[in-house]
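Asker: Provided below for reference: sequence and predicted model.
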Amino acid sequence: MTANNGASGKCSAVGTLFHNLCLSLPPQIRTMDLVLNVADSYVLSPYVYPASWPEDGALRQILSLLVLTNLGAAVLYLGLGVTNYFLIFDHKLMKHPQFLENQVRREIKYAMSSLPLISIPTVALFFAEVRGFSKLYDNVDDSPLGWPGLLLSMISFLLFTDMCIYWIHRILHHKLIYKLFHKPHHLWKIPSPFASHAFHPVDGFMQGLPYHIYPFLFPLHKVLYLALYVFVNIWTISIHDGDYRVPDALTGAINGSAHHTDHHLFFDYNYGQYFTLWDRLGGSYRHPSALLGKGPHDLIRKLQAEGKLGEGRVTAEGKVNGVARKEE
Ligand SMILES: [Zn+2]
Ligand SMILES: [Zn+2]
């Protein structure tokens, strides 16, 4: 997508076309992306870059986006992950026979090594956004439908990304692809919140792609986009946190942690992200075993009652006592 290879004459022609395209955009669409703008104003311009390097220089924008994307991903993943781990995640799950030795450390290590690689193609899309090729807008007045338009954006964003992720996830489970890209995420049979971003880089980028594609297809307020982005990260962590509570009335419609735990355990079910809609349409819905009294907690209780787990403490690293066994 970034054209810094090939013949120089061709490059300059593409560069001129790109420049003209940017100039022909209305001013509000040419404005810098919010995050980049704030970073430039408060940190990058006064303290990092030389004054001679213009804020809208392409290379400078790409460099800034790379740093900001990596920082943002690490802060969101670790910040939200640690918060969830200590406040919500049920540490009893670490006694489960399929919870791996040192699993939490391994999940974090895997995620933190993948995120920088995922950021490379992601930055290409962010750069296109910053350069005004998306339908992101700055003011509510720019919304085709005003405030109701923002509400519609939220609903359509969730429905669109839920549908896309369902199908991308199903394709990633195809036997020709699964071992290449998606298998690492299924190493965690009983996930912790830190499994949420522990993907092979290709897998992570593919499953994140719908979030980045949406604003190129549909109008979306920039602040709402940021808020949705944070929400998406919270949700991704929450379906891996072993907190199976969902209001009774929504159990059949919302794809919560109980549903996604069954995906990790039984593979071919509950591919969805927020809703069960596509799993129902695609014939892959499975009512969560945890809600039928046959979930991970039930097994732990059974093994403890049979004296097979012992009363061993749960260590911070998830070292399992008793019948602990290592997968793969
Ligand atoms: Zn999967
Ligand atoms: Zn998962």
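Answerer: Happy to help now that I have it. Numbering: from 1, shown residues only. Ligands and ions are numbered 1, 2, ... in the order given.
Asker: Pull the contacting residues for His182.
Answerer: Neighbouring residues of His182 by CB atoms under 8 Å, 6 or more residues apart in numbering: 169, 172-173, 199-200, 203. In short, each C-beta sits where N, CA and C put it, glycine included.
Asker: I only care about those residues that end up buried; give me the PyMOL line for that.
Answerer: To isolate in PyMOL the members of the contacts of His182 that are buried, counting by 16 or more other CB atoms under 10 Å, one can use:
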select buried, resi 169+172+173+199+200+203
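Asker: Looking at the contacts of His182, which are in helices?
Answerer: The helices, defined by DSSP state H, take in 169, 172, 203 from the contacts of His182.
Asker: what's the spacing between the last one and Leu172?
Answerer: Just to be clear, that refers to Asp203. Using CB to CB, to the nearest Å, one obtains 6 Å as the distance from Asp203 to Leu172.
Asker: Pick the one among the ones in helices among the contacts of His182 closest to Val246.
Answerer: His169 (20.0 Å; CB to CB).
Asker: What is the burial count for the closest residue to that closest one other than its chain neighbours?
Answerer: In this structure, His169 finds its nearest non-sequential neighbour in Tyr271, 4.3 Å apart by CB to CB, 6 or more residues apart in numbering. Tyr271: 24 surrounding residues under other CB atoms under 10 Å.
Asker: Pull the contacting residues for Tyr271.
Answerer: Contacts of Tyr271 by CB under 8 Å, 6+ apart are 165-166, 169-170, 173, 263, 278-279, 282, 284.
Asker: Now intersect these with the helices, please.
Answerer: Per DSSP H, helices hold the following members of those: 165-166, 169-170, 263, 278-279.
Asker: For the nearest residue to Tyr274 once chain neighbours are set aside, list the residues it contacts.
Answerer: Excluding its sequence neighbours, the residue lying closest to Tyr274 (CB to CB, 6+ apart) is Asp162, at 4.9 Å. Listed by CB under 8 Å, 6+ apart, the contact set of Asp162 reads 272-275, 277-278.
Asker: again, 10 Å this time
Answerer: 210, 255, 272-278 (CB atoms under 10 Å, 6 or more residues apart in numbering).
Asker: Which two of those residues have the greatest separation?
Answerer: Farthest apart among the contacts of Asp162 by CB to CB are Pro210 and Thr276. That separation is 17.6 Å.
Asker: which stretches of the protein form strands?
Answerer: All strands of the chain, identified by DSSP state E, fall at 136-137, 220-221.
Asker: Turn those into CSV, columns for mean neighbour count and distance to Phe267.
Answerer: Formatted as CSV, the strands of the chain follow (neighbours: other CB atoms under 10 Å; distance: least, CB to CB, whole Å):
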stretch, mean neighbour count, distance to Phe267
strand 136-137, 24, 37
strand 220-221, 22, 34
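Asker: if we can go back for a sec, filter the contacts of Tyr271 down to the buried ones.
Answerer: 165-166, 169-170, 173, 263, 278-279, 284.
Asker: Asp141 - how many residues pack around it?
Answerer: Using other CB under 10 Å, Asp141 has 8 neighbouring residues.
Asker: For it, give its distance to His240.
Answerer: With the distance defined as CB to CB, Asp141 ends up 39 Å from His240.
Asker: likewise Leu172?
Answerer: 17 Å.
Asker: where does this protein have low pLDDT?
Answerer: 1-32, 310-328 (pLDDT under 70).
Asker: coming back round to it: can I get the contacts of His182 in JSON lines with distance to Lys222?
Answerer: Formatted as JSON lines, the contacts of His182 follow (distance: CB to CB, whole Å):
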{"residue": "His169", "distance to Lys222": "28"}
{"residue": "Leu172", "distance to Lys222": "30"}
{"residue": "His173", "distance to Lys222": "34"}
{"residue": "Phe199", "distance to Lys222": "26"}
{"residue": "His200", "distance to Lys222": "30"}
{"residue": "Asp203", "distance to Lys222": "28"}
